[in-house]
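[1] mind looking at a prediction? Sequence and model below.
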Amino acid sequence: MKRRELIRYLQAGTIAAVTTGWFGSRSNAQSSGNLDIEYLGHTCFRFTGSGRRILSNPFRTLGCTAGYPEPNLDDADVILVSSFLLDEGAVDTVPESKLLFESGIFQLQGMTFEGVPVPHDRIDGRRFGTNMIWKWVQGGVTIAHLGGAASPLDIEQRILVGRPDIALIPVGGSDKAYTPEEAKQAVSILNPKIVIPTHYLTAAADVEACDIEPLENFLNLMEGVEIRYADSNRLSMSASQLPIDRTVIYVLNPPIATRFSSPAPAPEPDEAPVRPTPQRPDRKTK
């Protein structure tokens with residue numbers, strides 16, 4: 001049997017059954033313990049829990065990510081990418097055996113992951129292609145990582161993503177991710193217990209090649225929502241510590257290796273480099 005097994009791809013006619021299905025039957029390892037979230041910059045995070053380390057969206061250090069330390073790919077059990085743009089899919093050296101990049105539901109390292117495709121721009125993906133939203137359970141916590149989503153979620157996508165415990169949502173705008181206003185709408189639609197903002201301007205950005213907005217532009221829109229500022233780039237919790245009847249925004253501080261000056265942001269090049277899509281490995285059970 002392959003290390004990865006494609007269970008099924010969600011079609012519109014089976015949405016309702018699946019939405020109550022695979023989360024309800026998750027393994028004990030996924031549904032207990034603690035979850036540690038480490039923010040590495042932009043949309044890159046390391047999730048540790050259930051005896052596994054999951055890395056999302058490793059980047060090349062250029063443009064908006066120029067000053068962040070390069071993510072360590074070697075210690076991850078599973079690597080999830082939302083696309084192969086270089087600010088969220090720099091995985092040239094990653095073995096196929098631990099990489100997930102397609103839509104569907106997959107089992108890998110004893111865990112279940114679901115990729116939900118959405119457009120990576122506001123013109124139905126014609127410029128930047130498809131962005132993969134990743135959804136999984138780790139340490140008893142349901143996570144939805146929206147990657148670089150730029151298009152509002154349609155009804156099918158809303159059902160597939162559901163109401164996550166923790167939603168990682170891009171907030172800094174540009175042609176390939178939510179603006180602060182669009183991010184606010186996504187929070188309203190998904191109604192997560194915790195929101196972790198991603199994809200915003202920091203001192204790590206080379207502003208000559210980065211056109212995203214600062215985090216404050218999003219936070220200023222979230223009137224009435226509790227905002228908590230971490231003193232580091234980490235957040236640790238268990239399912240029992242999640243908010244019950246409200247949404248809380250957690251702001252994590254990503255590590256910055258090189259700080260750039262911050263004049264008014266300049267536009268990015270028209271097209272970001274795209275890594276060719278690799279051949280899809282056989283995920284069928286032999």
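    On my side now, so go ahead. The model shown is predicted, which means the values in this text are computed figures rather than measured ones. Numbers count the residues shown, from 1 in each chain.

[2] for this protein, what's the longest helix?
    Identified as the longest helix of the chain according to DSSP state H is helix 180-190.

[3] neighbouring contacts of that one?
    If you take C-beta atoms under 8 Å, 6 or more residues apart in numbering as the criterion, helix 180-190 is touched by 144, 146, 149-150, 152-153, 158, 161, 163-164, 167, 169-173, 178, 195, 197, 213, 217-218, 220-222, 225, 247. For every residue, glycine as well, the C-beta is placed using N, CA and C.

[4] and it, which residues are buried?
    Residues of helix 180-190 classed as buried by neighbour count (16 or more other C-beta atoms under 10 Å): 180, 182-184, 186-187, 190.

[5] where does residue 240 land in three-state SS?
    helix (DSSP: H, G, I helix; E, B strand; the rest coil).

[6] one more: the one 10 residues further on?
    Under three-state DSSP, the three-state class of residue 250 is strand.

[7] how near is it to residue 101?
    Going from residue 250 to residue 101 by C-beta to C-beta, to the nearest Å gives 27 Å.

[8] comparing the two, which residue is more hemmed in?
    A count of neighbours by other C-beta atoms under 10 Å puts residue 101 above the other of residue 250 and residue 101, at 22 against 18.

[9] what stretches of the protein score poorly on pLDDT?
    In the predicted model, the chain carries pLDDT under 70 at residues 1-32, 88, 261-286.

[10] where along the stretch 101-250 of the chain do the helices fall?
    Taking DSSP state H, counting those that start in this stretch as the criterion, the stretch 101-250 of the chain carries its helices at 155-161, 180-190, 216-219.

[11] what comes up buried for the first one?
    It refers to helix 155-161. For helix 155-161, the neighbour count (16+ other C-beta under 10 Å) marks 157, 159-161 as buried.

[12] and that helix, what other elements does it pack with?
    Using 3 or more C-beta pairs under 8 Å, 6 or more residues apart in numbering; DSSP states H and E as the contact test, the elements touching helix 155-161 are helix 15-19, strand 111-119, strand 130-138, helix 180-190.

[13] make TSV from those and add distance to residue 230 to it.
    TSV is the format used below for those (distance: least, C-beta to C-beta, whole Å):
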stretch	distance to residue 230
helix 15-19	32
strand 111-119	25
strand 130-138	19
helix 180-190	19
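
[14] out of these, which gets nearest to residue 236?
    Across the helices and strands packed on helix 155-161, residue 236 has its closest neighbour in strand 130-138 (12.3 Å, C-beta to C-beta).

[15] show me what that closest one is packed up against.
    With contacts defined as 3+ C-beta pairs under 8 Å, 6+ apart, strand 130-138 has these neighbours: strand 52-56, strand 111-119, strand 141-145, helix 155-161.

[16] give me the residues contacting the longest one.
    Contacts made with strand 111-119 from outside it, assessed by C-beta under 8 Å, 6+ apart, are listed as 7, 10, 22, 26-27, 29-30, 50, 52, 54, 78, 80, 100-107, 125, 130-138, 149-151, 153, 157, 160-161.

[17] quick check, residue 101 in contact with residue 132.
    Yes - the criterion here is C-beta atoms under 8 Å, and residue 101 meets it with residue 132 at 6.6 Å.

[18] who touches both of the two?
    Taking C-beta under 8 Å, 6+ apart as the criterion, residue 101 and residue 132 both touch 80-81, 115.

[19] in contact with the residue lying closest to residue 45 once chain neighbours are set aside, which residues?
    Leaving aside its chain neighbours, residue 45 sits nearest to residue 56 (5.0 Å; criterion: C-beta to C-beta, 6 or more residues apart in numbering). Residues in contact with residue 56 (C-beta under 8 Å, 6+ apart) are 43-47, 79-82, 134, 145, 147, 168.

[20] would you check how far apart residue 56 and residue 242 are?
    20 Å.

[21] kindly report the same for residue 251.
    To residue 242, residue 251 is 17 Å away according to C-beta to C-beta.

[22] over to residue 203?
    Per C-beta to C-beta, residue 203 is found 31 Å from residue 242.

[23] higher neighbour count, the two?
    Neighbour count, other C-beta under 10 Å: between residue 203 and residue 242, residue 242 has more, with 17 against 13.

[24] which ones are touching that one?
    Residue 242 neighbours (C-beta under 8 Å, 6+ apart): 141, 165, 193-194.
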